[in-house]
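>>> build me a model from this:
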Amino acid sequence: MLSAMTENSEKSCSKPPNGSSLNEDNARDRPDSEALNLPSFVAGSGGLDRLVNTARGYARAAASDNTLKAYAKDWAHFARWCRMKGAEPLPPSPEMIGLYLADLASGAGPSPALSVSTIDRRLSGLAWNYAQRGFALDRKNRHIATVLAGIKRRHARPPVQKEAIMAEDILAMVATLPFDLRGLRDRAILLLGYTGGLRRSEIVSLDVHKDDTPDSGGWIEIFDNGALLTLNAKTGWREVEIGRGSKDQTCPVHALEQWLHFAKIDFGPVFVGTSRDGKRALETRLNDKHVARLIKRTVLDAGIRSNLPEKDRLAQFSGHSLRAGLASSAEVDERYVQKQLGHASAEMTRRYQRRRDRFRVNLTKAAGL
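Numbers count the residues shown, from 1 in each chain. So this is what the prediction gives:
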């Protein structure tokens with residue numbers, strides 16, 4: 001099959017589709033934000049041009065910034081790989097894509113072999129990019145599906161999970177933070193992210209009120225008993241309830257109130273940068289990478305897993321460590337944890353649980369053995 005794939009791919013990838021010119025191919029090769037234009041038979045006007053820009057904005061909002069960046073990198077890598085083989089990425093060739101997937105899995109040349117999950121994500125990125133350029137990529141085509149199935153059968157491994165940050169860990173981490181403005185902010189980030197089971201993008205996308213900023217991912221409401229977060233999350237809108245803690249030093253709501261009060265924030269993004277001297281809050285929203293860096297830094301400062309080399313400790317913890325920590329530490333009915341994390345199934349929640357009673361239900365004894 002591979003010999004036929006090679007012949008067909010060189011033919012189909014090196015020429016434009018019927019009725020298309022090279023200029024049209026170049027237009028389809030642009031990013032989606034540039035490729036959205038009026039049809040040639042429609043006369044442009046100020047109103048229509050504004051609608052085109054509006055439509056581009058909605059198209060960009062169809063996926064998160066991180067997803068769009070990943071898809072752009074996927075396309076750039078595939079296009080470069082195609083041209084190194086003397087072919088073109090447009091129109092889509094299932095034969096060529098099958099060879100590309102095989103190359104990713106084999107790790108031929110200077111590039112290491114990619115994991116099955118990364119290869120699957122790359123294929124999703126290609127499908128999305130082709131759709132933005134007016135093409136349909138059939139993932140069920142035998143040249144793609146058969147190669148991918150073989151890759152999964154031969155190379156699939158259990159997913160590598162990040163270490164969970166447990167309750168005693170988060171207490172040690174926040175204890176390393178100073179009580180200046182920057183420390184108040186980072187303490188609120190860690191405690192809110194932990195007790196809310198939030199993704200790092202959800203933490204930094206919060207606004208004080210609804211519709212404060214165009215790029216808002218949700219807002220907060222503070223009550224006597226706790227805080228309510230309304231989030232436009234990865235799986236849709238959801239509400240996250242965060243109750244007050246037993247003492248102010250470890251209470252996420254108190255930490256949030258302290259940060260908002262001393263930073264004098266009553267509008268716009270909740271978590272922003274601070275001045276170089278750490279005494280003044282700025283207006284710029286924090287990037288989600290700040291959360292990842294904060295977790296790694298405080299893990300080291302708190303001496304968590306100090307029996308491991310520093311490089312290994314840094315590799316074991318990430319933003320997801322907060323969500324895994326809540327799922328593993330909260331000793332409540334599983335459905336409450338599932339709701340807090342925004343998971344569609346209990347099975348997904350169990351993947352986040354690093355410590356749980358795996359044999360609480362003993363089917364061996366239940367079967368009479």
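>>> what about the residue lying closest to residue 324 once chain neighbours are set aside, is that helix, strand or coil?
Spatial nearest neighbour of residue 324, excluding adjacent residues (Cβ to Cβ, 6 or more residues apart in numbering): residue 164 at 3.9 Å. (Glycine included, C-beta is placed from N, CA and C.) Secondary structure, DSSP: H, G, I helix; E, B strand; the rest coil: residue 164 is coil.
>>> residue 164 against residue 321, yeah?
Yes - in terms of Cβ atoms under 8 Å, residue 164 counts as a neighbour of residue 321; the distance is 6.0 Å.
>>> domain parsing for this protein?
2-155, 167-352 (automatic domain parsing).
>>> so for the first one, what's the average pLDDT?
Confidence for domain 2-155, expressed as mean pLDDT, is 77.
>>> same question, the last one
Regarding domain 167-352, the rounded mean pLDDT is 88.
>>> how about the helices of the stretch 251-369 of the chain, start to end?
252-263, 288-301, 310-316, 320-329, 334-341, 346-352, 363-366 (DSSP state H, counting those that start in this stretch).
>>> can you put those helices in CSV and add distance to residue 171 and mean neighbour count?
Shown next, in CSV, are these (distance: least, Cβ to Cβ, whole Å; neighbours: other Cβ atoms under 10 Å):
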stretch, distance to residue 171, mean neighbour count
helix 252-263, 12, 20
helix 288-301, 11, 19
helix 310-316, 18, 13
helix 320-329, 11, 24
helix 334-341, 20, 18
helix 346-352, 20, 15
helix 363-366, 37, 8
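>>> between those, which one is closest to residue 148.
helix 346-352 (22.3 Å; Cβ to Cβ).
>>> what residues are up against the residue lying closest to residue 318 once chain neighbours are set aside?
Excluding the flanking residues, the one nearest residue 318 by Cβ to Cβ, 6+ apart is residue 162, at 4.8 Å. Residues in contact with residue 162 (Cβ atoms under 8 Å, 6 or more residues apart in numbering) are 316-318, 320-321, 324.
>>> go with 10 Å
295, 315-325, 352, 354 (Cβ atoms under 10 Å, 6 or more residues apart in numbering).
>>> surely residue 297 meets residue 314?
Yes - applying Cβ atoms under 10 Å as the test, residue 297 and residue 314 come out as touching, 9.3 Å apart.
>>> could you pull out the strands for this protein?
206-207, 218-222, 226-233, 236-243, 272-274, 281-285 (DSSP state E).
>>> buried sites along the third one?
Buried residues in strand 226-233, counted by 16 or more other Cβ atoms under 10 Å: 226-227, 229-231, 233.
>>> and which of those residues is nearest to residue 243?
Of the buried residues of strand 226-233, the one sitting nearest to residue 243 (Cβ to Cβ) turns out to be residue 226, at 4.1 Å.
>>> how close does residue 161 sit to residue 200?
From residue 161 over to residue 200 the distance is 17 Å, taken as Cβ to Cβ, to the nearest Å.
>>> so what's residue 248 up against?
Contacts of residue 248 (Cβ under 10 Å, 6+ apart): 254-255, 257-258.
>>> actually, residue 309.
residue 315.
>>> picking that back up, just name the most buried of the domains of the chain.
domain 167-352 (a mean of 18; mean count of other Cβ atoms under 10 Å).
>>> just send the contacts of residue 162 back as a markdown table, with distance to residue 72 too.
Shown next, in a markdown table, are the contacts of residue 162 (distance: Cβ to Cβ, whole Å):
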| residue | distance to residue 72 |
| --- | --- |
| 295 | 26 |
| 315 | 26 |
| 316 | 29 |
| 317 | 27 |
| 318 | 22 |
| 319 | 21 |
| 320 | 23 |
| 321 | 27 |
| 322 | 27 |
| 323 | 26 |
| 324 | 29 |
| 325 | 32 |
| 352 | 29 |
| 354 | 33 |
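>>> can you tell me which two in those residues are farthest apart?
Among these, 315 and 352 lie farthest apart (Cβ to Cβ), at 18.5 Å.
>>> residue 193 is in contact with residue 200, isn't it?
Yes - with contacts counted by Cβ under 10 Å, residue 193 reaches residue 200, the gap being 7.1 Å.
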